[in-house]
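>>> the following block contains a protein sequence and its predicted model.
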Amino acid sequence: ERKPRLKEFGDFILDEIKEIIPIKSDFEFLYDVEVEDFHNFPINDFLLSNNCDGDEDGLMLLMDALLNFSHAYIPDKRGGKMDLPLILTTRIDPSEVDKEAHNLDTLVRYPLEFYEATLRHVNPKELEDRMGLVSSRLGTELQYEHFGFTHDTRDISEGPKMSNYKTLKTMMDKMNAQLNLAARIQAVDEADVAYKVIERHFLPDILGNMRAFSKQSVRCPNCNIIYRRPPLRGVCTKCGGKLTLTVHEKSVKKYLEISKDIAQRYNIPHYAQQRITLVEKSIDSLFTSDKIRTTKLTDFF
């Protein structure tokens, strides 16, 4: 009696390999990471599945932080280190991550009640307990698994390779692009978008930079010593070098003109316009000396 071709090994069915034919791949390189003593992994059509433990994913995520955010690649301009992950942790506690991530919903399908509530303009907080937010899973096993999504994709890498936030150079270009998009969407009031950007982004940024300017430290570019307050001598006490500011005037004023322009074009509420006027006066009083005035000869006649 002929022996059976297939052999059983636990829950696996082993088929004898009769021929090996090399097939040239469309890709030039293939990288695979294996853990010592555990070298099985799922391949085409899941011929064998034994070591799907995320080693490759873990390594690629680590390289994303170490390579893409390397000091050799980050911009040397202002804000280059703003979003740089300077500290990496090996264990993630979901309760300690950014609170914005806790507002992520995990549903695979939104209930009809959600869409009906949008027509009534219900406060989103009233629907939090029905949307399966991550915040409701904290402290349980579900905080790590079974995250649903509503739309599939063929390739997670599809889509724009570079966002307009990168291609548009100036803040005015970025702001105009956002407002032009708002004007095309029937459900969006572009004047309200302009008001919220000024009220929630530009003005807080200007006021925060004004406070930072008034409390800033000074630095010696020669020996890189930072002083919490300028020395009485007005120069570096170590090398005698000239001291420079750590917060500059341009960083305080960078959103002022664009705020004034948008406020005028979209006729935002008078309260917000008055806030911009008061902020401008505060900036002028901070950077313009009353003792130094530019006058013309005709001013004396």
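Great, that's in hand. This structure is a prediction, so every number in the text was calculated from the model and none was measured.
>>> just for this protein, where's the confidence low?
1-7, 9, 27-56, 78, 289-297, 299-301 (pLDDT under 70).
>>> same thing but 50
Residue ranges of the chain with pLDDT under 50: 42, 44-49.
>>> strands along that one, start to end?
Counting by DSSP state E, one finds strands in the chain at the ranges 6-9, 12-15, 218-219, 226-227, 244-245.
>>> and among these, the most buried is which?
Greatest average neighbour count among the strands of the chain goes to strand 218-219 (a mean of 18), per mean count of other CB atoms under 10 Å. For every residue, glycine as well, the C-beta is placed using N, CA and C.
>>> what packs against that strand?
strand 226-227, strand 244-245 (3 or more CB pairs under 8 Å, 6 or more residues apart in numbering; DSSP states H and E).
>>> pretty sure residue 226 contacts residue 243?
No: at 9.7 Å, residue 226 and residue 243 do not qualify as touching, with contact defined as CB atoms under 8 Å.
>>> tell me, what's touching the two both at once?
Contact criterion CB atoms under 8 Å, 6 or more residues apart in numbering; residues shared by residue 226 and residue 243: 218-220.
>>> care to break this protein down by domain?
The chain is divided into the following domains under automatic domain parsing: 21-88, 96-152, 164-216+246-289.
>>> tabulate those domains (JSON lines), appending mean neighbour count and distance to residue 237.
Listed next are the domains of the chain as JSON lines, based on neighbours: other CB atoms under 10 Å; distance: least, CB to CB, whole Å:
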{"stretch": "domain 21-88", "mean neighbour count": "10", "distance to residue 237": "27"}
{"stretch": "domain 96-152", "mean neighbour count": "12", "distance to residue 237": "41"}
{"stretch": "domain 164-216+246-289", "mean neighbour count": "15", "distance to residue 237": "17"}
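>>> circling back: can I get the strands of the chain in CSV including distance to residue 169?
Formatted as CSV, the strands of the chain follow (distance: least, CB to CB, whole Å):
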stretch, distance to residue 169
strand 6-9, 61
strand 12-15, 58
strand 218-219, 28
strand 226-227, 31
strand 244-245, 25
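>>> to residue 154, which of those strands lies closest?
Across the strands of the chain, residue 154 has its closest neighbour in strand 12-15 (30.0 Å, CB to CB).
>>> helices or strands next to the closest one in the packing?
Short answer (3+ CB pairs under 8 Å, 6+ apart): strand 12-15 packs on strand 6-9.
>>> possible to save the helices and strands packed on strand 218-219 as TSV with distance to residue 77?
Shown next, in TSV, are the helices and strands packed on strand 218-219 (distance: least, CB to CB, whole Å):
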stretch	distance to residue 77
strand 226-227	20
strand 244-245	16
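>>> could I get the full set of helices for the stretch 101-250 of the chain?
112-119, 164-167, 171-184, 190-197, 203-214, 249-253 (DSSP state H, counting those that start in this stretch).
>>> residue 64 versus residue 107, what's the distance?
Separation of residue 107 from residue 64 (CB to CB, to the nearest Å): 28 Å.
>>> repeat for residue 83
13 Å.
>>> before we move on, the earlier item: nearest to residue 144 among the helices and strands packed on strand 218-219 would be which one?
Comparing the helices and strands packed on strand 218-219 against residue 144 with CB to CB, the closest turns out to be strand 226-227 (41.8 Å).
>>> tell me the strands beside the closest one, with direction?
The strands beside strand 226-227 in its sheet (DSSP bridges) come out as strand 218-219 (antiparallel).
>>> can you list contacts of the partner strand?
Contacts of strand 218-219 with the rest of the structure, by CB under 8 Å, 6+ apart, involve 225-227, 229-230, 243-246.
>>> recalculate using a threshold of 6 Å.
226-227, 230, 243-244, 246 (CB atoms under 6 Å, 6 or more residues apart in numbering).
>>> between the lengthiest helix in the chain and helix 203-214, how many degrees?
For the chain, the longest helix by residue count, based on DSSP state H, is helix 270-287. Per axes from the mean of the first three to the mean of the last three CA atoms, to 10 degrees, the angle that helix 270-287 makes with helix 203-214 is 20 degrees.
>>> could we number from 11 for the rest of this?
Yep, numbering from 11; the last one is helix 280-297 now.
>>> with only the CA atoms kept, save helix 280-297 in PDB.
The C-alpha trace of helix 280-297 is given here as PDB (Å, rounded to 0.1, in the frame of the first residue of the first chain):
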ATOM      1  CA  HIS A 280     -16.000  92.700  16.400                       C
ATOM      2  CA  TYR A 281     -14.900  91.200  19.600                       C
ATOM      3  CA  ALA A 282     -12.100  89.200  17.900                       C
ATOM      4  CA  GLN A 283     -11.200  92.300  15.700                       C
ATOM      5  CA  GLN A 284     -10.800  94.300  18.900                       C
ATOM      6  CA  ARG A 285      -8.600  91.600  20.500                       C
ATOM      7  CA  ILE A 286      -6.300  91.800  17.400                       C
ATOM      8  CA  THR A 287      -6.100  95.600  17.800                       C
ATOM      9  CA  LEU A 288      -5.200  95.300  21.500                       C
ATOM     10  CA  VAL A 289      -2.600  92.600  20.800                       C
ATOM     11  CA  GLU A 290      -1.100  94.900  18.100                       C
ATOM     12  CA  LYS A 291      -0.900  97.800  20.600                       C
ATOM     13  CA  SER A 292       0.700  95.500  23.200                       C
ATOM     14  CA  ILE A 293       3.300  94.400  20.600                       C
ATOM     15  CA  ASP A 294       4.100  98.000  19.600                       C
ATOM     16  CA  SER A 295       4.600  98.900  23.300                       C
ATOM     17  CA  LEU A 296       6.900  96.000  23.700                       C
ATOM     18  CA  PHE A 297       9.200  96.600  20.800                       C
END
